[in-house]
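In: 3D model of this:
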Amino acid sequence: QVQLVESGGGLVQPGGSLRLSCAASGFTFSSYAMNWYRQAPGKERELVATITSVGGITIHADSVKGRFNISRDNARNTVYLQMNSLKPEDTAVYYCKARLYGRDYWGKGTLVTVSS
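Out: This is a model prediction of the structure:
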C-alpha cells in the first residue's frame, strides 16, 4: 500500500536550517508530483511546495520563496524540503502528500519548532 514517512523535524533556532525527508513506497514514485504542506497550531493546512514528476519543476509558496527548496531523488523514492533562514512563523507540522488515482495520500507529519 501507499506509504509516506516524513522525518527530519526538530527544534531549531531562528535563522537555522533543517532538511526534511519523505520516504515513499507502494507506488511508482517517479511518475507523480510530490508536495509538502504544513499546519501551524490553530491554522489551516497550507501548501508549501510542489515538485513535478517530469522535469522536476518546482513551485514554492510566497511565504517560503528564497528560503525553502523542494527536491526529489527518484532513485531513493524520496522527496526533500531544505529549509533555511527559519523563522518562528515556520513552526508547524510538515506533511508530504501525493495525489494518486484521484485520491490524496498523506504522511503522518514531522514537527518543526523554530524558537530561541
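
In: Which residue lies nearest the spatial centre of this protein?
Out: Trp36 (3.0 Å; Cα atoms, centre = their mean).

In: where does that one land in three-state SS?
Out: The three-state label for Trp36, taken from DSSP: H, G, I helix; E, B strand; the rest coil, comes out as strand.

In: wait, Trp106 sits on Tyr95?
Out: Yes - the pair Trp106 and Tyr95 passes the contact test of Cβ atoms under 8 Å, sitting 5.5 Å apart. C-beta here means a position set from N, CA and C on the backbone, and glycine is covered the same way.

In: Settle it for me: which of these two has more neighbours?
Out: Shown here are Trp106 and Tyr95; by other Cβ atoms under 10 Å, Tyr95 has more neighbours (21 against 15).

In: Please identify the nearest residue in space to Leu100, excluding sequence neighbours.
Out: Residue nearest to Leu100 in three dimensions, not counting chain neighbours: Phe27, with 5.7 Å by Cβ to Cβ, 6 or more residues apart in numbering.

In: What values do phi and psi take at that neighbour?
Out: Listed backbone geometry of Phe27 is phi -160, psi 170, with angles given as degrees, to the nearest 10.

In: so what's it up against?
Out: Residues counted as contacts of Phe27 (Cβ atoms under 8 Å, 6 or more residues apart in numbering) are Val2, Ala98, Leu100.

In: how close does the closest residue to Gly26 other than its chain neighbours get to Cys96?
Out: For Gly26, ignoring the flanking residues on the chain, the nearest one in space by Cβ to Cβ, 6+ apart is Val2 at 4.1 Å. When distance is defined by Cβ to Cβ, to the nearest Å, Val2 is 12 Å away from Cys96.
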